[in-house]
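>>> Task: produce atomic coordinates for the following.
(chains A and B)
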Amino acid sequence: MPTNDVKLLGAPASQYVNRVQFALNLKSIDYEFIPQNMREKSELLLKSNPVHKNIPVLLHGDKPICDSLVIVQYIDEFWFDGPSILPSDPYDRAIARFWAAYIDDKWIPFFKELTTAKDEESKTALVEKILEGLKFFEDVFVKASKGKCFFGGETIGFLDIVLGCYLGWLKAWGIQLDVNFLDEAKTPALVGWAESFSSDKAIHGIIPETEELFRILQIILARAADAASK
Amino acid sequence: MAEEVKLFRTWSSGYALRIVWALKLKGIEYETIFEDLTNKSPSLLQYNPIHGKVPVLVHDGKPVCESLVILEYVDETWKHNPLLPQDPCEKSMARFWANFGDDKLMKSISQLFIAREKDQDVAAVEALENLKLVEEQLKGKKFFHGETIGYLDLAFGWFADFVSILEEIMSLKLVDGERFPHLSSWIQHFIDAPVIRDCWPPRDKMIIKFQVMREKYLAAATPK
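Numbering: from 1, shown residues only, chains lettered A, B, ... in the order given. The predicted structure follows:
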């Protein structure tokens, strides 16, 4: 299996794609990024991910791997001689996977619900839930980091990647809603973590600038409003 | 010191059954705590404060939640009789299809289950498309990973039981042997497998439970 034939089908603003980029960088894997237009899906995408027709897709040789959390774990397990992404202890791994599932199944979907929230009351309720999630992450971080910079301890780990990919969008949403999501007073450890994570050399430059994400957010909101009025 | 393993479950949860089977396949002794989800125990809420759901595995006082997470924990802690393949690519496929089962397949089966009669044909389309994908995965294999039961079989186990319950309650045939020969065959092999078959919840109780659930949904959906 050629270890140097790695392609990533994705889009720069997709947080799920960014996760895979972080993982590949952490393992120092060279790869070809093949940008995808999600409004006009390519043959390659449809062939590589016929089930979901979605990004990211990692193409390793001729094998497609889909689902960002599945891909990150694959990268960790295939290139096992690089720095570890998941913790080595089974219990710590279970905690990391539990919170990854919470982030993808509950927390990020709150933002998706915000795009179609009709009134101020539902928006406020969603913001409360998002803030509650951030408080959970603060506690998890304090326990997992053991005084170091990352959820993974001294080095970036699974939860850093799974949550960190959303930092750009979190800022964009914060501007949109005029909410300071990462508040030094409420979640001081997370604020510190966000800085350490974003400035790490494996991470820096992957997440698009907040202005760009905010611009894309306006398009997403306009489309959602349009769909709702039909 | 002997290790202490507890499993919080309900009598009917298909998610909890995954762990029952996994612990049985690994020969792990454990204590079962049955929960009534309308009256959750303080222990459950302490061990799973975020979701308050079952299953929860508590190993030497440390709780693990979310059934697929628990399956991997069990497999990594007790390494004999592995549930997941060793090869990273095959492992990824297993995780991918388990997610598919819990997201797309379960959602489409549920949508069919609560559909009114006039909407059933449309609801069935997506369910059948998803089942075709599962059928493909089983071609040339007795179980998802080959000759022996593993992670994906446990992940899809709920379906092996639920499909016949749905078919009886709704008087329809969802998985017929002609259209889904491999899936039908897998269901037969799985439900009768020695480690699996003694764990099924009582069928009559399941029929009543799901019949009541379906009637509730239909009543709530009926325009007044």
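>>> Up against chain A, what does chain B have?
Counting by CB under 8 Å from any CB of the partner chain, the residues of chain B close to chain A are B:50, B:59, B:62, B:64-66, B:68-70, B:72-73, B:76-77, B:88-89, B:91-92, B:95-96, B:99-100, B:104, B:133. The C-beta positions use only the backbone N, C-alpha and C, and glycine is treated the same way.
>>> Got a ChimeraX select line for the buried ones in these?
One line in ChimeraX is enough to select the buried ones among those; burial here means 16 or more other CB atoms under 10 Å in any protein chain shown:
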select /B:59,64,65,66,68,69,70,72,73,76,77,88,89,91,92,95,96,99,100,104
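>>> which is the next helix or strand following the helix or strand containing residue A:74?
Assigned by DSSP states H and E, residue A:74 belongs to helix A:68-78. Proceeding N to C from helix A:68-78, the next assigned helix or strand is helix A:90-102, under DSSP H and E.
>>> quick one: that following helix near chain B?
Yes - counting by CB under 8 Å from any CB, chain B has neighbours in helix A:90-102: A:90-91, A:93-94, A:97-98, A:101-102.
>>> Would you format those residues as JSON lines with pLDDT and neighbour count included?
Compiled in JSON lines, those are given as follows (pLDDT from 0 to 100; neighbours: other CB atoms under 10 Å in any protein chain shown):
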{"residue": "A:90", "pLDDT": "98", "neighbour count": "18"}
{"residue": "A:91", "pLDDT": "98", "neighbour count": "16"}
{"residue": "A:93", "pLDDT": "98", "neighbour count": "21"}
{"residue": "A:94", "pLDDT": "98", "neighbour count": "25"}
{"residue": "A:97", "pLDDT": "98", "neighbour count": "24"}
{"residue": "A:98", "pLDDT": "98", "neighbour count": "22"}
{"residue": "A:101", "pLDDT": "98", "neighbour count": "18"}
{"residue": "A:102", "pLDDT": "98", "neighbour count": "21"}
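>>> closest to residue A:54 among the residues you listed?
Set against residue A:54, the nearest of these by CB to CB is residue A:101 (18.0 Å).
>>> In contact with the closest one: list those residues for me.
B:66, B:68-69 (CB atoms under 8 Å, 6 or more residues apart in numbering or on different chains).
>>> What residues does residue B:139 make contact with?
Residue B:139 makes contact with residue B:182, according to CB under 8 Å, 6+ apart.
>>> Likewise for the one 3 residues further on?
By CB under 8 Å, 6+ apart, the contact list for residue B:142 reads B:185-186, B:189.
>>> likewise residue B:128?
So residue B:128 contacts residue B:174 (CB under 8 Å, 6+ apart).
>>> Please repeat the previous calculation with a cut-off of 10 Å.
For residue B:128, the contacting residues are B:108, B:112, B:135, B:174-175, B:179-180, by CB atoms under 10 Å, 6 or more residues apart in numbering or on different chains.
>>> Show me these that map onto helices.
In helices, defined here by DSSP state H, the members of those are B:108, B:112, B:135.
>>> mind checking the end-to-end distance for stretch B:3-12?
27 Å (CA to CA, to the nearest Å).
>>> Excluding chain neighbours, what is closest to the most centrally placed residue in chain B?
Geometric centre of chain B, nearest residue: residue B:158, 3.0 Å, by CA atoms, centre = their mean. Among residues not flanking residue B:158 along the chain, residue B:14 sits closest, at 2.9 Å (CB to CB, 6 or more residues apart in numbering or on different chains).
>>> what residue ranges in chain A are flagged as low confidence?
Applying pLDDT under 70 to chain A picks out residues A:1-4.
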